[in-house]
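[1] Here's a sequence, model it:
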Amino acid sequence: MTDASRWQDSRSKRLQVALIPALAHPLIALLGRTYRWRAEGAEHYDAVLASGRQPIMAFWHGRILPATLFFQRRGIVVITSENFDGEWIARIIERFGYGTARGSTSRGATRALVRLRKTMADGKATAFTMDGPRGPARRAQPGAVFLAKITRHPILPFHIEAGRHWTLRSWDRTLIPKPFADVAIAVGPPFLVAPDVDDDGLEARRLALEQELGRLEERAKLLLANQSSGRGV
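    Presented below is the predicted three-dimensional model:
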């Protein structure tokens with residue numbers, strides 16, 4: 001029995017999957033409207049589109065909520081788990097204008113990558129939580145790097161930090177910016193993977209992407225510090 005069929009056999013779980021998105025979406029949208037954003041590198045997204053390619057967005061799982069708000073209504077297709085949690089998350093982000101492809105780095109990965117490859121051929125951007133869905137935290141899984149190889153589209157890594165925020169006691173230390181928080185996003189330049197790269201080369205690019213996400217974390221923190229000091233805080 002698959003994860004999907006297990007939760008679908010539970011009336012309680014089916015009710016939760018319907019109610020959670022209906023309640024969470026308006027609350028998240030309202031919260032997002034209070035944020036004060038500062039962005040660095042956002043032009044890279046438009047530059048990739050202008051080049052006739054589509055970005056493969058790459059970020060850490062713990063930044064799902066602010067990432068969803070910043071990139072909403074762009075038709076980006078996101079890979080989500082096939083289990084109960086993945087289903088209600090998918091239904092929330094779909095309300096923010098995202099598409100979803102079911103699968104994960106542990107189950108259904110091949111099917112999800114096949115769908116994402118077709119999605120990109122149809123002219124849509126995609127997104128990966130690089131350490132999702134179960135971690136380990138801040139360790140990049142190979143899915144985005146492999147997709148970049150087979151599609152020849154660039155990865156666009158980014159990181160988000162917030163001033164006032166809650167941090168959940170989850171494996172990924174999920175960050176939820178508080179109302180009226182300063183939020184900073186640092187977007188890196190296109191990260192390329194050669195179509196003829198071998199397995200060793202893929203691993204090298206995976207490690208390089210981890211390092212780039214670390215660099216972008218420092219950039220986002222600096223942006224946040226400058227944002228606060230600019231108001232005399």
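[2] Going by C-alpha atoms from here, please, whenever you check contacts or count neighbours.
    Will do.
[3] lowest confidence element among the helices and strands of the chain?
    helix 3-8 (a mean of 59; mean pLDDT, DSSP states H and E).
[4] center of this structure - which residue?
    Residue closest to the mean C-alpha point of the chain, counted by C-alpha atoms, centre = their mean, is Thr129 at 4.4 Å.
[5] just to revisit the earlier point, show me what secondary structure element comes after the least confident helix or strand of the chain.
    The C-terminal neighbour of helix 3-8 among helices and strands, as given by DSSP states H and E, is helix 11-32.
[6] can I get the CA coordinates of that next one in PDB?
    Extracted in PDB, the C-alpha atoms of helix 11-32 (Å, rounded to 0.1, in the frame of the first residue of the first chain):
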ATOM      1  CA  ARG A  11     -11.900   9.700   6.600                       C
ATOM      2  CA  SER A  12     -10.200  11.900   9.200                       C
ATOM      3  CA  LYS A  13      -7.200  12.400   7.000                       C
ATOM      4  CA  ARG A  14      -9.300  13.200   4.000                       C
ATOM      5  CA  LEU A  15     -11.200  15.800   6.000                       C
ATOM      6  CA  GLN A  16      -7.900  17.300   7.200                       C
ATOM      7  CA  VAL A  17      -6.600  17.500   3.600                       C
ATOM      8  CA  ALA A  18      -9.700  19.500   2.700                       C
ATOM      9  CA  LEU A  19      -9.700  21.800   5.700                       C
ATOM     10  CA  ILE A  20      -6.100  22.600   6.200                       C
ATOM     11  CA  PRO A  21      -5.600  24.400   2.900                       C
ATOM     12  CA  ALA A  22      -9.000  26.200   3.200                       C
ATOM     13  CA  LEU A  23      -7.900  27.600   6.500                       C
ATOM     14  CA  ALA A  24      -4.200  28.100   6.000                       C
ATOM     15  CA  HIS A  25      -4.200  29.800   2.600                       C
ATOM     16  CA  PRO A  26      -6.000  33.000   3.600                       C
ATOM     17  CA  LEU A  27      -4.000  33.300   6.800                       C
ATOM     18  CA  ILE A  28      -0.700  32.800   5.000                       C
ATOM     19  CA  ALA A  29      -1.700  35.300   2.300                       C
ATOM     20  CA  LEU A  30      -2.700  37.900   5.000                       C
ATOM     21  CA  LEU A  31       0.600  37.300   6.800                       C
ATOM     22  CA  GLY A  32       2.600  37.700   3.600                       C
END
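[7] Show me which residues of the helix or strand following that helix are buried.
    Remark: after helix 11-32, the chain's next helix or strand is strand 36-40, criterion DSSP H and E. Residues of strand 36-40 classed as buried: 37-40 (neighbour count, 16 or more other C-alpha atoms under 10 Å).
[8] Run through who's touching strand 36-40.
    Here strand 36-40 makes contact (C-alpha atoms under 8 Å, 6 or more residues apart in numbering) with 180-187, 223-224, 227.
[9] Give me the neighbour count for Ala121.
    A count of nearby residues for Ala121, using other C-alpha atoms under 10 Å, gives 14.
[10] if I look at it, how far off is Arg173?
    Per C-alpha to C-alpha, to the nearest Å, Ala121 is found 34 Å from Arg173.
[11] now swap in Pro21 and tell me
    In terms of C-alpha to C-alpha, Pro21 sits 21 Å off from Arg173.
[12] Tell me which of the two has more neighbours.
    Pro21 (20 against 14).
[13] And the strands in this structure?
    36-40, 56-59, 77-80, 99-102, 126-129, 155-162, 165-167, 175-177, 182-187 (DSSP state E).
[14] Grab the longest helix from the chain for me.
    In the chain, taking DSSP state H as the definition, the longest helix is helix 199-229.
[15] Pull out the buried positions in it.
    202-203, 205-206, 209-210, 212-213, 216-221, 223-225, 227.
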